[in-house]
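Visitor: Provide a 3D model corresponding to the input given below.
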Amino acid sequence: MNDKVLGVVWKPNLDTVIGIVAVETFENKWQAYMGVCKPNKTKEYVIGKVIAWGAILTAEEAHGFFPQLDIARYKGYAKPASTERVLFEGLTPLKAPVPPMLEKAIGYNGDARFVSFHWTPGGDEAFYDDGWRGGIGNWQGYLAFIQHPTVHPMIAQYNLGSSDREAQQSLILDRQTRKLYVSSRRDTQSFLDQQWPKLGPIHMTQEEWSALQAEARMYVKQDIDMEEIHRRIEEQYALVEALQDWLNQFLPN
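Guide: Model prediction:
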């Protein structure tokens with residue numbers, strides 16, 4: 001094995017081991033591989049098998065396993081798409097006040113600059129989406145915002161969804177400038193896609209896919225911590241209350 005190994009991570013998986021190996025490549029670059037091996041060979045042999053037969057990880061995946069290595073040197077690394085030249089076509093700016101805790105009160109904890117919100121009748125819940133991931137938000141925080149007297153008059157003309165109809169528009173929050181926009185659902189999705197790099201298709205064998213699924217199951221928390229649940233509920237209530245108090249300062253005396 002002639003490759004210079006920069007780091008190795010082992011993940012036990014029943015009677016096998018998932019190996020993640022980072023190696024130095026040409027021109028001072030590095031690359032990471034993931035493979036399934038039997039732990040009955042020497043360490044050098046197993047590492048060599050992972051490099052030879054393992055799946056090549058994306059830059060984001062590799063950085064998760066080896067945060068100490070410079071991701072800018074990763075072979076094939078592409079910098080995240082810049083949001084400096086995002087085209088705001090199809091977006092209508094709103095003059096509604098934007099609380100500093102808005103996204104957290106609605107349940108979004110991601111890092112994207114832009115995130116959208118609307119209501120979905122499927123489950124009758126608030127929904128957030130940043131173009132990369134979406135999910136059910138906190139309905140109390142969402143309703144507290146859109147129904148507040150300082151906000152509702154500015155968005156009443158738009159269909160942001162309800163218990164019996166799909167949304168035709170979405171709210172879009174610019175988390176950097178703290179500005180709010182509204183846009184059609186179709187334009188919203190196109191807009192949010194701009195803030196993410198274009199990724200090519202991922203090719204995996206069935207064995208590699210099964211190994212990744214097995215690893216993901218290792219991180220699924222089985223025990224229910226009721227104290228943790230109550231703590232999060234209390235934190236959410238506090239965020240909603242803080243949101244309302246912040247908006248109340250804009251009410252006329």
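Visitor: Can you tell me the closest non-neighbouring residue to residue 10?
Guide: The spatially closest residue to residue 10, leaving aside those adjacent along the chain, is residue 17, at 5.6 Å (CB to CB, 6 or more residues apart in numbering). All C-beta atoms are positioned from the backbone trio N, CA, C, and that covers glycine.
Visitor: what about that neighbour, which SS state?
Guide: strand (DSSP: H, G, I helix; E, B strand; the rest coil).
Visitor: same deal with residue 11?
Guide: For residue 11, the secondary-structure state derived from three-state DSSP is strand.
Visitor: What's opposite the residue nearest to it when sequence neighbours are not counted in the beta bridge?
Guide: Across the structure, with CB to CB, 6+ apart as the measure, the residue nearest residue 11 apart from its sequence neighbours is residue 18 (4.0 Å). Partner residues in beta bridges with residue 18: residue 11, residue 36, with DSSP bridges as the criterion.
Visitor: can you give me the strands in the stretch 151-253 of the chain?
Guide: Using DSSP state E, counting those that start in this stretch, the strands assigned to the stretch 151-253 of the chain run over residues 169-174, 179-184.
Visitor: So what's the gap between the last one and the chain middle?
Guide: Right, strand 179-184. When distances are taken as CA atoms, centre = their mean, to the nearest Å, strand 179-184 is centred 20 Å away from the chain's centroid.
Visitor: Now stretch 158-174: buried residues?
Guide: Going by neighbour count (16 or more other CB atoms under 10 Å), the buried part of stretch 158-174 is 158-161, 167, 169-174.
Visitor: Take these and lay them out in JSON lines including distance to residue 54 and pLDDT.
Guide: Compiled in JSON lines, the buried residues of stretch 158-174 are given as follows (distance: CB to CB, whole Å; pLDDT from 0 to 100):
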{"residue": "158", "distance to residue 54": "49", "pLDDT": "96"}
{"residue": "159", "distance to residue 54": "49", "pLDDT": "96"}
{"residue": "160", "distance to residue 54": "46", "pLDDT": "96"}
{"residue": "161", "distance to residue 54": "44", "pLDDT": "95"}
{"residue": "167", "distance to residue 54": "43", "pLDDT": "95"}
{"residue": "169", "distance to residue 54": "46", "pLDDT": "96"}
{"residue": "170", "distance to residue 54": "40", "pLDDT": "97"}
{"residue": "171", "distance to residue 54": "43", "pLDDT": "97"}
{"residue": "172", "distance to residue 54": "40", "pLDDT": "97"}
{"residue": "173", "distance to residue 54": "40", "pLDDT": "96"}
{"residue": "174", "distance to residue 54": "40", "pLDDT": "93"}
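Visitor: coming back round to it: let me know how buried the residue nearest to residue 10 is, in neighbour terms.
Guide: Residues within reach of residue 17, counting by other CB atoms under 10 Å, total 18.
Visitor: In CSV: the strands of the stretch 151-253 of the chain, plus distance to residue 60.
Guide: Formatted as CSV, the entries for these read as follows, by distance: least, CB to CB, whole Å:
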stretch, distance to residue 60
strand 169-174, 23
strand 179-184, 27
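Visitor: Quick check: which of these is nearest to residue 238?
Guide: strand 169-174 (20.3 Å; CB to CB).
Visitor: From the contact counts, what lies against the closest one?
Guide: In terms of contacts (3 or more CB pairs under 8 Å, 6 or more residues apart in numbering; DSSP states H and E), strand 169-174 is packed against strand 114-120, strand 179-184, helix 185-193.
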